[in-house]
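> sharing a model that was predicted from the sequence below.
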Amino acid sequence: MKTAIRKEMTIQTEVMDLLNQQIALEMHASATYLAMASWCDQRDYTNSKTFFYNQAEEERAHGMKIFNFVNTTGGAAISPSIPTVNNDFESLTQIFEASLEQEIKVTESIYKCFKAARNTGDYASEVFLQWFVTEQVEEEDTLRSILGMIDLMGDMPLKMIDERIPTE
């Protein structure tokens, strides 16, 4: 049997390496959101639980989208190992603050990938990454809005705050 010849890479090696790091970051974010969902579930924060389960699935989908793109462009996507995830949180507020910090880290990494694509003339990757740039603006805005709402509600019972967390 003849071995199929792999198509030529259209993705730049530097960009591929950064995108493989991004896959790992997205999958770690997914696992972190699962831990957050579990914490909320154990405390009967129903809307927050749903929010974080949805976030976990979304981050996994982002990782898979990048994984498929790397392979489609002739690169080699690498299945990441996931480092230990924190499962211990102090409060609902702390979870949302940690979520925002995580999304900022993801945004910075996307920008690094985008910049590398632009600097190496990898136009396909640059166009592909534009969607992620826009997505990260929305992700950060959602979390900032939730934290603003939590801050505004102040001393109200957390269950009342949870009822106002968006689930879509």
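That came through, no problem. Residues are numbered from 1 along each chain as shown.
> can you tell me which helix or strand of this protein has the lowest average pLDDT?
Counting by mean pLDDT, DSSP states H and E, the chain has its least confident helix or strand at helix 158-162, which shows a mean of 76.
> quick one: contacts for His28?
Applying Cβ atoms under 8 Å, 6 or more residues apart in numbering, we find His28 in contact with Pro80, Ile82, Pro83, Val85. Backbone N, C-alpha and C define where each C-beta goes, glycine included.
> over to the first one. Which of the three states is it?
Think Pro80. Secondary structure, DSSP: H, G, I helix; E, B strand; the rest coil: Pro80 is coil.
> same check on the third one?
Taking three-state DSSP as the rule, one finds Pro83 in the coil state.
> returning to what we had before: any of the contacts of His28 buried? List them.
With burial judged by 16 or more other Cβ atoms under 10 Å, the buried subset of these is Pro80.
> for Thr120, state which of the contacts of His28 is nearest.
Closest approach to Thr120 among the contacts of His28 (Cβ to Cβ): Pro80, at 22.6 Å.
> which non-adjacent residue is nearest the closest one?
Residue nearest to Pro80 in three dimensions, not counting chain neighbours: Ala24, with 3.5 Å by Cβ to Cβ, 6 or more residues apart in numbering.
> how much space between that neighbour and Met149?
Going from Ala24 to Met149 by Cβ to Cβ, to the nearest Å gives 32 Å.
> more crowded one of those two?
Neighbours were counted for Ala24 and for Met149 using other Cβ atoms under 10 Å; Ala24 has more, 19 against 14.
> check contacts around the nearest residue to Thr50 once chain neighbours are set aside.
Spatially, and ignoring its direct neighbours in sequence, Thr50 is nearest to Thr167 (4.3 Å; Cβ to Cβ, 6+ apart). Counting by Cβ under 8 Å, 6+ apart, Thr167 touches Asn47, Thr50, Phe51, Asn54.
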